[in-house]
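Enquirer: Curious how this folds, go ahead:
(2 chains)
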There are 2 protein chains.
Amino acid sequence: MGVTVLRLGHRHYRDQRLTTHVALTARALGAEKVILSGEKDEKIIGSVKDIAKRWGGDFEVEYEKNYRRIITNFHGVKVHLTMYGLRVQDKMKDIRGEKDVLLVLGSEKVPGDVYHMVDYNIAVGSQPHSEVAALAVFLHEYFRGKELEKVFGGAKIKVRPHECGKSFFTS
Amino acid sequence: MGVTVLRLGHRHYRDQRLTTHVALTARALGAEKVILSGEKDEKIIGSVKDIAKRWGGDFEVEYEKNYRRIITNFHGVKVHLTMYGLRVQDKMKDIRGEKDVLLVLGSEKVPGDVYHMVDYNIAVGSQPHSEVAALAVFLHEYFRGKELEKVFGGAKIKVRPHECGKSFFTS
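Expert: As a prediction, this is how the structure comes out:
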């Protein structure tokens, strides 16, 4: 089943671009699905679905207000990314063996019980930075770089890697 | 001298949080300096400097309106991160040998001449996602994961990695 990213506590306007970046990073770096929680934002859901459709692959986008239900009912391993957690470089060898991963990502403030609902609290560097960066490094480590080789089937638009400038295929 | 990150085209309000995430990710994942360009935003500069001071290390934050001058005058290798570039997994072995790297990161729209001013246009996945994610994966690859072991000297506040919950040292 792969990796599902659960984005907690989205707030309209303030988090709009960051939540979009979370969702697109999840898709680009090998996750199967993003579930958005917090305030419902049809604009983000629509724009990520639109990108997923044009750029290919089977990425799913869902909204669920009750994020605790998602965490509780998830049958694989549950990982919360937080700067307060154990070091990703120490724990990844255990997590990498798991086939189904729920990656929980907070926005500004994560309720205390979330730390107890998961199997791992994991830090990508014990410094303040970005949930987008933490997600990216986690996925890159989890997939050992193979996520960058992923083929997005049925794409209407595709980049042709190029030394200089922009080059596309379209269909 | 290490890695300097040049963030192009910052726009007040719209890019505030993403530019902050770019700067903090640069610091947390081993860069030495961020240079912000576009609209000058004292609030971001102040808040990143404040975090750098409290959390330790020697990270520098500067503003420069004329980003072309920064690119032209930089003496090391110049890398522009763009989804249209050559694949990071193919080119990193060449770039990793370089000791001084200027990493150029756009926001929405990067002027065409930037593609020609750099030594490499590099893609972290040829899919639309996030400059924060691209920066994170690039730095993680460039430093081969050793950036996560970096010691931030003189910190007033430090996280003690923990299985569950939040734990600090302060001095």
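Enquirer: OK, contacts around A:Lys49?
Expert: Counting by Cβ atoms under 8 Å, 6 or more residues apart in numbering or on different chains, A:Lys49 touches A:Val61. C-beta: built from backbone N, CA, C; applies to glycine.
Enquirer: For A:Ser107, which non-adjacent residue is spatially closest?
Expert: Nearest residue to A:Ser107, sequence neighbours excluded (Cβ to Cβ, 6 or more residues apart in numbering or on different chains): A:Gly9, at 4.4 Å.
Enquirer: Which secondary structure state does the one you found sit in?
Expert: Three-state call for A:Gly9 (DSSP: H, G, I helix; E, B strand; the rest coil): strand.
Enquirer: Could you tell me how far the residue nearest the centre of chain A is located from chain B?
Expert: Residue closest to the mean C-alpha point of chain A, counted by Cα atoms, centre = their mean, is A:Ala26 at 3.4 Å. A:Ala26 is 9 Å from chain B, where distance means Cβ to the nearest Cβ, to the nearest Å.
Enquirer: from what I can see that residue touches A:Leu139, true?
Expert: Yes - using Cβ atoms under 8 Å, A:Ala26 makes contact with A:Leu139 at a distance of 7.5 Å.
Enquirer: Pull out the buried positions in the lowest-mean-pLDDT helix or strand in chain A.
Expert: Least confident helix or strand of chain A, by mean pLDDT, DSSP states H and E, is strand A:168-170 with a mean of 85. Using 16 or more other Cβ atoms under 10 Å in any protein chain shown as the test for burial, strand A:168-170 gives no buried residues.
Enquirer: related to what we said a few turns ago, tell me how far the residue nearest to A:Ser107 lies from A:Arg87.
Expert: Remark: distance between A:Gly9 and A:Arg87 (Cβ to Cβ, to the nearest Å) = 24 Å.
Enquirer: Which one of these two is surrounded by more residues?
Expert: Ranked by neighbour count (other Cβ atoms under 10 Å in any protein chain shown), A:Gly9 and A:Arg87 place A:Gly9 first, with 19 against 15.
Enquirer: In contact with that one, which residues?
Expert: If a contact means Cβ under 8 Å, 6+ apart, then A:Gly9 has A:Asp15, A:Ser37, A:Gly38, A:Gly106, A:Ser107, A:Glu108, A:Lys109, A:Val110 as its contacts.
Enquirer: per-residue confidence for the first one?
Expert: In this model, A:Asp15 is scored at 93, pLDDT.
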